[in-house]
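Chemist: Requesting a structural model of the entry that follows:
(one chain, ligands or ions: 1)
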Amino acid sequence: MFLTIKNVSKSYGKDASYTKVLDGVDISIASGERCIILGPSGSGKSTLLNVIGGLDEVESGEIIIDDVDITKLNDKKLVEYRREYLGFIFQFYNLVPNLTVRENIMVCENLAKKPLDIRELIKILGLEEHQYKFPSQLSGGQQQRCAIARAIIKNPKILLCDEPTGALDSKTAKDILILLENINKNYGTTIIMVTHNTPIKDMMDRVIHIKNGKISNEYVNKAVLPAVEIDL
Ligand SMILES: Nc1ncnc2c1ncn2[C@@H]1O[C@H](COP(=O)(O)OP(=O)(O)OP(=O)(O)O)[C@@H](O)[C@H]1O
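Modeler: Predicted coordinates for the structure are as follows:
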């Protein structure tokens with residue numbers, strides 16, 4: 001498998017404040033797969049995404065990507081891994097406010113070994129007419145499209161999405177899902193998404209439910225719906 005999470009555990013705090021957040025999590029994800037992680041609030045979804053993203057350390061277990069256990073990497077190697085393999089999208093865009101849309105994307109383009117063509121990406125994401133605007137001059141959906149462009153410009157193998165549609169109305173959310181579907185098709189990007197928006201599961205290949213830090217249910221979707229047919 002391309003990405004294998006083996007017996008990963010993590011906890012926070014000590015004594016009375018001790019919380020086991022991830023408890024022996026095992027997941028395997030193929031390259032180019034679209035995977036959704038669902039679960040109640042506080043079940044450990046974001047923590048799981050953060051450990052895959054190397055933003056948070058595991059307590060025990062392994063996270064193996066292309067045969068490399070990233071939990072064993074030193075800081076320098078971890079930065080390289082993030083740079084080469086990962087793109088992140090969050091609920092609240094996290095754009096640099098005093099840079100234009102194009103400049104926000106260029107910051108990440110400059111860090112990449114083999115970036116995608118910025119003009120093509122701006123076009124695919126429908127940002128041509130907005131590229132010289134600042135984030136404060138954009139709607140939420142436009143800001144999220146810019147955040148996607150910024151995450152994708154370096155052509156990462158894995159796109160980690162934490163509630164990417166959480167701040168958007170249902171029409172704009174669907175537009176974003178269609179874009180993510182296109183990116184997965186065009187570039188073969190593996191997508192791992194955490195969300196409370198359950199209907200999104202119907203457009204994903206692998207569905208994982210997490211409860212109290214454990215996988216409570218996991219299956220591969222037999223009939224995946226196109227994003228345009230998702231009823232949000
Ligand atoms: N830095 C931290 N220090 C202490 N506890 C933490 C920390 N980060 C997360 N937690 C705890 O870990 C648990 C899981 O948090 P996490 O954010 O992964 O859940 P989640 O499933 O993503 O929740 P939500 O759907 O509400 O975003 C929660 O009980 C949370 O309070």
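Chemist: interface residues of the chain facing the ligand?
Modeler: Proximity of the chain to the ligand is assessed by Cβ under 6 Å from any ligand atom, with Y12, G13, T19, V21, G39, S41, G42, S43, G44, K45, S46, T47 identified as the residues in range. For glycine as for every other residue, the C-beta is placed from the backbone atoms N, C-alpha and C.
Chemist: Grab the longest helix from this structure for me.
Modeler: Identified as the longest helix of the chain according to DSSP state H is helix 170-187.
Chemist: what sits up against that one?
Modeler: 32, 34, 116, 124-125, 139-141, 144-145, 148, 152, 155, 159, 161, 164-165, 168, 189-191, 193, 197, 200, 203, 226-228, 230, 232 (Cβ atoms under 8 Å, 6 or more residues apart in numbering).
Chemist: Assign a three-state SS to the residue nearest the centre of the chain, would you?
Modeler: Centrality entry for the chain: nearest residue to the mean C-alpha point is L160, 1.4 Å, by Cα atoms, centre = their mean. At L160, secondary structure determined by DSSP: H, G, I helix; E, B strand; the rest coil is strand.
Chemist: What about the contacts of helix 170-187, which are in strands?
Modeler: Among these, the members falling in strands (DSSP state E) are R34, L159, C161, T190, I191, M193.
Chemist: burial of the third one, as a residue count?
Modeler: Here the neighbour count serves as a burial measure; for C161 (other Cβ atoms under 10 Å) it reads 25.
Chemist: how close does the residue nearest to Q137 when sequence neighbours are not counted sit to Q144?
Modeler: The shortest distance from Q137 to any residue other than its chain neighbours is 7.9 Å, reached at H130 (Cβ to Cβ, 6 or more residues apart in numbering). As defined by Cβ to Cβ, to the nearest Å, H130 lies at a distance of 12 Å from Q144.
Chemist: Quick one: residues contacting the residue nearest to Q137.
Modeler: Going by Cβ under 8 Å, 6+ apart, H130 touches V101, Q137, L138, Q142, C146.
Chemist: what about the helix or strand that contains T47, distance to the chain center?
Modeler: T47 is part of helix 45-52, with elements assigned from DSSP states H and E. Computed by Cα atoms, centre = their mean, to the nearest Å, the chain-centroid distance of helix 45-52 equals 10 Å.
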